[in-house]
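*Asks:* Below are the sequence and a predicted model; questions follow.
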Amino acid sequence: MASPAISTAVDLINVPLLYKGKVRELYDLGEHYLIVVTDRISAFDYVLEPAVPDKGNVLNRLSAHWFGLTGHLIDNHVVHADVERLGDAIKAEYKELLRDRIMVTRRAERIPIECVVRGYITGGGWRQYEETGEINGTKLPDGLRKNDKLTQPIFTPSAKNDVGHDEEISFAQMSGLIGAELAEQLRSRSLELYEFARKYCEQRGIILADCKLEFGSVGGELILIDEICTPDAARFWAKENYALDTEIDSMDKEPVRTYLSRSGWDRNSKPAPLPRFVVEETARRYLEIYHRLTDQKSV
């Protein structure tokens, strides 16, 4: 049975809130940060209602899983994910509710670049290619078809924007923003992480079409932060559903996007609450990708 959905943890925490994102909340532990992953869900730049039960559990535990798997490639921000070590930072009566939704992390300085790696040409990348033959300034061969696998994955960064969409930029623009040396480091690390994750997913019958990564620095050391290869930060396709020239049903919040696209919503105001069947199907998909990627039978 799903645990109760958590839309916010503000009233469950005894330390100051520093930042409230669309899904994650950042709290001040002094030496470290406390990240709480809520069950909020967003689409088309709106946070929707109701929250999706167990979504926060899946995102947090899946990120912890990937951080553990990729630690030999690059260090990350994780200190621990043990609610019992938080003492009175969490109100005692809410420890079980938050048990799998928390992560204590190092206080990294975020690099304001979203590092996107694409192994397949789809989504916004496909729309750019149709118009220009390029994605974020990277020229691609003529004649590609929607959902084609690229000969080599490409790095297509965005400048972080905490309100609304991130701004897609070229590698040259990225270098101008953060410096050529750091830009090259981010590109190299991102491509390496994508290739590792792609092979891991492939062994489990999943195609990792693309993913977005974030990095920060601690004492001059480049580290991986935020989340990694979750349904909110990657596009997963079941291998059996792969096809060209079509919209592949991805293993994430696709039911939400599909419902909103067909609902007549004007996209200029907050949409009405999601129907129960959409919430339940979305929760099922988050759990399915977690089970397939971790070999765990429960969350």
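*Replies:* In hand now; what should we look at?

*Asks:* Could you list the low-pLDDT ranges of the stretch 151-299 of the chain?
*Replies:* Along the stretch 151-299 of the chain, the parts satisfying pLDDT under 70 run over 162-165, 297-299.

*Asks:* the helices in it, which residues?
*Replies:* If you assign secondary structure with DSSP state H, counting those that start in this stretch, the helices in the stretch 151-299 of the chain sit at 171-178, 180-202, 254-262, 276-294.

*Asks:* Rebuild those as TSV, extending it with mean neighbour count and distance to residue 124.
*Replies:* C-beta here means a position set from N, CA and C on the backbone, and glycine is covered the same way. As requested, the helices of the stretch 151-299 of the chain are exported to TSV (neighbours: other Cβ atoms under 10 Å; distance: least, Cβ to Cβ, whole Å):
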stretch	mean neighbour count	distance to residue 124
helix 171-178	16	17
helix 180-202	17	17
helix 254-262	16	13
helix 276-294	19	21
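
*Asks:* of all those, which lies closest to residue 13?
*Replies:* Ranking those by proximity to residue 13 (Cβ to Cβ) places helix 276-294 first, at 23.4 Å.

*Asks:* related to what we said a few turns ago, just tell me which of the helices of the stretch 151-299 of the chain ends up closest to residue 103.
*Replies:* Between residue 103 and these, the shortest separation by Cβ to Cβ is 15.7 Å, and it involves helix 276-294.

*Asks:* list the helices and strands that closest one packs on?
*Replies:* Here helix 276-294 is seen to pack against helix 55-69, strand 206-218, helix 254-262 when contacts are counted using 3 or more Cβ pairs under 8 Å, 6 or more residues apart in numbering; DSSP states H and E.

*Asks:* please redo it, this time with the cut-off set to 7 Å
*Replies:* Packed against helix 276-294, as judged by 3 or more Cβ pairs under 7 Å, 6 or more residues apart in numbering; DSSP states H and E, are the following elements: helix 55-69, helix 254-262.

*Asks:* Okay, the residue nearest the centre of the chain and residue 185: tell me how far apart.
*Replies:* The structure's the chain has its C-alpha centroid closest to residue 233; by Cα atoms, centre = their mean the separation is 2.1 Å. In this structure, residue 233 lies at 20 Å from residue 185, with Cβ to Cβ, to the nearest Å as the measure.

*Asks:* for residue 288, same thing?
*Replies:* Taking Cβ to Cβ as the measure, residue 288 and residue 185 are separated by 35 Å.

*Asks:* Could you do residue 210 as well?
*Replies:* For residue 210, the distance to residue 185 (Cβ to Cβ) stands at 20 Å.

*Asks:* from the chain's centre, how far out does stretch 195-202 sit?
*Replies:* Remark: stretch 195-202 is offset 16 Å from the chain centroid, using Cα atoms, centre = their mean, to the nearest Å.

*Asks:* Only alpha carbons, please: show it as CSV.
*Replies:* Backbone C-alpha positions of stretch 195-202 (Å, rounded to 0.1, in the frame of the first residue of the first chain) are rendered in CSV as follows:
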residue,chain,number,x,y,z
GLU,A,195,27.5,6.0,-21.1
PHE,A,196,27.7,4.1,-17.8
ALA,A,197,24.0,4.6,-17.0
ARG,A,198,23.0,3.6,-20.6
LYS,A,199,24.8,0.3,-20.4
TYR,A,200,23.4,-0.4,-16.9
CYS,A,201,19.8,0.3,-18.2
GLU,A,202,20.3,-1.8,-21.3
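
*Asks:* let's number from 12 now, not from 1
*Replies:* Right, with 12 as the first residue, what we last looked at is stretch 206-213.

*Asks:* coming back round to it: out of the helices of the stretch 162-310 of the chain, which is closest to residue 136?
*Replies:* With Cβ to Cβ, the closest approach to residue 136 among these belongs to helix 191-213: 13.8 Å.

*Asks:* Any chance you could list what contacts that closest one?
*Replies:* The set of residues external to helix 191-213 that reach it, using Cβ atoms under 7 Å, 6 or more residues apart in numbering, is 80-81, 84-85, 124, 126, 128, 130, 164, 166, 182, 185-186, 218-219, 222, 224, 226, 233, 240, 247.

*Asks:* ok, 6 Å please
*Replies:* 81, 84-85, 126, 128, 130, 164, 166, 185-186, 219, 222, 224, 226, 233, 240 (Cβ atoms under 6 Å, 6 or more residues apart in numbering).

*Asks:* One more: stretch 281-294?
*Replies:* 57, 59-60, 63-65, 264, 266-267, 270-271, 276.

*Asks:* Residue ranges in the stretch 12-161 of the chain under the pLDDT threshold?
*Replies:* Looking at the stretch 12-161 of the chain by pLDDT under 70, you get 12-13.
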